[in-house]
Every structure is written in C-alpha cells, then in structure tokens.
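Novice: I'd like to go over a predicted model; first the sequence, then the structure.
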Amino acid sequence: MIRAMTATPTQILFLGGASGVGKSSVAFEVSAALRRARVAHALIDGDNLDASYPGPMDSGRPWLTLTNLQALWSTYREVGQRRLVYVNTVSVLEADELRDAVDPRAEVTAVLLEADGPELAARLGAREQGSGLDEHLARSARWSADLRSRTPDWVARVDTTGATITTVAEAVIALTGWISPTRRSGGEMGGESGQEARGWV
C-alpha cells in the first residue's frame, strides 16, 4: 500500500468492545462533543469498510479493510483532517496495523469499552428482535471474554456499566487530550445528545 507522508502526525482514537457495550453510541457522542468544542475530526465505523459478501476473509481478500481505510483517510487528509475516531469491535487488537494504514507516525489512543454480563444482555435485548437475540448474546459473551484477555496493557479500559453515554464519552475524550479540561468544564460537553436520549446502541 502507498502511504502519503505528511508534516503533521495524525491523532487516532480507537474504540473497541463487544456487541452491546455501546461503541456506536459512545463514538457518536464523542463526535458530537468534539463538534461542540470545534475540534475537527473524522468518524469512521470499521464495519462499513468491509461490509460486503463474501467478506474479506471468505473471499481471499484480507487486505480489503486496510486498503479501504487508507483510501478513505487519504480523502479526509486532503481536506485537512488530522484527527480520526475509529470504532470497531477488534480495533484495540489491530491498532498497529490500522495506525500504519492511516499514518505510521500517528499518535494513538486506544480504549476498550466494557460492561458486565447483565448490562450487555439488557442492551442487546432492547436492540435485537426475534430469534437472533440468543446468537447475539452468545457472540457478545465470547468477544467480551476474548477482548478482556487479549487486549494489550497499554490500552485504556472504560467500564460502561450503569453509566450514561455522555459520562463515558467524557471519560474517553479526557484520555485523548483533544479538549482541554478548561473547555470541557466550560460546558462544551454538557447536555444530552440524540444518542443519549435514545439510549445505548
């Protein structure tokens, strides 16, 4: 893959976690808070980079996700973006590969979102309908255990159990340093967004 080197390193926030932990909700709220604070950024959902059938691993194209990420980020860089919020279940396990596809010199913050079993089950139960719920619950439990054991020590962990989306987003943004404490306390992160009102997804 061809990489364009730039004078200003990219800053990347990787959000990972099992289904039901609140990755999408938190990512949307983080993005909303950054917009309120006038912090330029792009938000990319990793699932959309290989949403094809057959998928990358089934079609002999394991490189598809990274190639699409590189192409998409190249467009964002052309218009001046320097910060990326990237959300995907296993992003915290693949941070090195993902960083290299974006900018090998990027400054990385990685956060694993976690929640206890009953909380995950309740959120998935509110989101999923029909016979697929049991499958989602089993998959989420497997990923939760796998991520808990395999995520590197340098990755920050944020427990979402019993927390609001806004509170979790504030904790995540504090880890990045993208909004100064003074600006955060000044109200840029206050109030409920649409995601907060609708609940965890």
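Specialist: Yep, that arrived. Residues are numbered from 1 along each chain as shown.
Novice: Roughly how far does the residue lying closest to Pro62 once chain neighbours are set aside sit from Leu69?
Specialist: Counting by C-beta to C-beta, 6 or more residues apart in numbering, Pro62 lies nearest to Pro56, which is 5.2 Å off, once chain neighbours are set aside. Any C-beta I mention is one placed from the backbone N, CA and C, and that applies to glycine too. Distance, Pro56 to Leu69, by C-beta to C-beta, to the nearest Å: 12 Å.
Novice: More neighbours: the two, which one.
Specialist: Between Pro56 and Leu69, Leu69 has the larger neighbour count (other C-beta atoms under 10 Å), namely 22 against 17.
Novice: what's the distance between the helix or strand harbouring the more buried one and the middle of its chain?
Specialist: Element membership of Leu69 [criterion: DSSP states H and E] is helix 64-78. On the basis of C-alpha atoms, centre = their mean, to the nearest Å, helix 64-78 is displaced by 16 Å from the centre of the chain it belongs to.
Novice: Quick check: next helix or strand after that helix?
Specialist: Immediately after helix 64-78, counting by DSSP H and E, sits strand 83-87.
Novice: so what's the closest residue in space to Glu128 that isn't next to it in sequence up against?
Specialist: Using C-beta to C-beta, 6+ apart and skipping the chain neighbours, the partner closest in space to Glu128 is His136 (5.1 Å). With contacts defined as C-beta atoms under 8 Å, 6 or more residues apart in numbering, His136 is in contact with 19-20, 124, 128.
Novice: Of these, which is the nearest to Gly80?
Specialist: If you rank the contacts of His136 by distance to Gly80 using C-beta to C-beta, Ser19 comes first, at 33.9 Å.
Novice: so what's that closest one closest to, chain neighbours aside?
Specialist: Nearest residue to Ser19 in three dimensions, chain neighbours excluded: Ser140, at 4.2 Å (C-beta to C-beta, 6+ apart).
Novice: per-residue confidence for the most centrally placed residue in the chain?
Specialist: Of all residues in the chain, the one closest to the mean position by C-alpha atoms, centre = their mean is Val87, 2.3 Å from it. Looking at Val87, its pLDDT reads 98.
Novice: In this structure it contacts Ser24, no?
Specialist: Yes: using C-beta atoms under 8 Å, Val87 makes contact with Ser24 at a distance of 6.6 Å.
Novice: anything in contact with each of the two?
Specialist: Taking C-beta under 8 Å, 6+ apart as the criterion, Val87 and Ser24 both touch Asp45.
Novice: low-scoring stretches of this structure, by residue?
Specialist: In the predicted model of the chain, residues 1-7, 129-131, 182-201 satisfy pLDDT under 70.
Novice: measure the residue nearest to Pro62 to Ser140 for me?
Specialist: 22 Å.
Novice: Kindly report the same for Pro152.
Specialist: Relative to Ser140, and taking C-beta to C-beta, Pro152 is found at 21 Å.
Novice: could you give the angle of the strand ranked longest in the chain to strand 83-87?
Specialist: Longest strand in the chain by number of residues (criterion: DSSP state E): strand 107-114. Using axes from the mean of the first three to the mean of the last three C-alpha atoms, to 10 degrees, the direction of strand 107-114 lies 30 degrees away from that of strand 83-87.
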